[in-house]
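Engineer: no sequence on this one, just coordinates:
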C-alpha cells in the first residue's frame, strides 16, 4: 500500500484469534526472554559483588550473596512458570519474588515493574562501574546471551505491534 493511504478497515480483525500475539503473552515466552535474562543479570551482578568484596568488604560480599539468592529464587519462579505453561496449568505464583510480595498488596504488576526498574539499575551499575570487565569468559557469554534474548525479543514484539497497529 502506498504511503499516506489508509488500509481498509477490517471489522473482523479485532475478533480473530492472533496466534503470534498470544505466543508473546505466554509465560514460556515471557520467562525465556525477560524473566530468565533478568535472573542472569542479577546473578552475575551478585557474584561479581561477592568476588569484588571478598576478604576486603563484608557488606559488599553479603549484599552480593543476597542478590545472588534473589536471582536464584526468581530463576526458580520463572522455571515454574515455564513448566506450568507447558502443562497448560495456571501457575498460582508470580514471575519474581518482588511481584510475589506485591500479591500481598494486590498489586503484583506494580511490584513487577519495581523489579524491572531494579534489574535495569543492576545492568547500568554493571556497565558504569566497569564491573562488566570483571566477568570471566562464561559470565561474559551468559551476559551476551541474556542481553540478546531480551533485546531481540523486545524488538520482535515492537515490530509485531507496529505491523498490527491500524
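Structural biologist: Arrived safely. No experiment lies behind these values; they were computed from the predicted model shown.
Engineer: List the backbone torsions phi and psi for residue 26.
Structural biologist: Phi and psi for residue 26, reported as degrees, to the nearest 10, are phi -70, psi 140.
Engineer: Tell me how far the residue lying closest to it once chain neighbours are set aside lies from residue 95.
Structural biologist: The shortest distance from residue 26 to any non-neighbouring residue, by C-beta to C-beta, 6 or more residues apart in numbering, is to residue 85 (5.7 Å). (Each C-beta comes from the backbone N, C-alpha and C, glycine too.) According to C-beta to C-beta, to the nearest Å, residue 85 and residue 95 sit 11 Å apart.
Engineer: Which neighbours do the two have in common?
Structural biologist: 27, 31 (C-beta atoms under 8 Å, 6 or more residues apart in numbering).
Engineer: So the two - more neighbours on which side?
Structural biologist: Using other C-beta atoms under 10 Å as the criterion, residue 85 and residue 95 rank with residue 95 on top: 24 against 17.
Engineer: Just the pLDDT at the residue nearest to the more buried one when sequence neighbours are not counted, thanks.
Structural biologist: Here the nearest residue to residue 95 in space, its sequence neighbours aside, is residue 35; by C-beta to C-beta, 6+ apart that works out to 4.9 Å. Note on residue 35: pLDDT of 96.
Engineer: dump the residue contacts of residue 97.
Structural biologist: Residue 97 makes contact with 70, 73-74, 77, according to C-beta under 8 Å, 6+ apart.
Engineer: mind giving me CSV with those and columns for neighbour count, distance to residue 42 and secondary structure?
Structural biologist: Shown next, in CSV, are the contacts of residue 97 (neighbours: other C-beta atoms under 10 Å; distance: C-beta to C-beta, whole Å; DSSP: H, G, I helix; E, B strand; the rest coil):
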residue, neighbour count, distance to residue 42, secondary structure
70, 19, 6, helix
73, 16, 10, helix
74, 26, 7, helix
77, 21, 12, helix
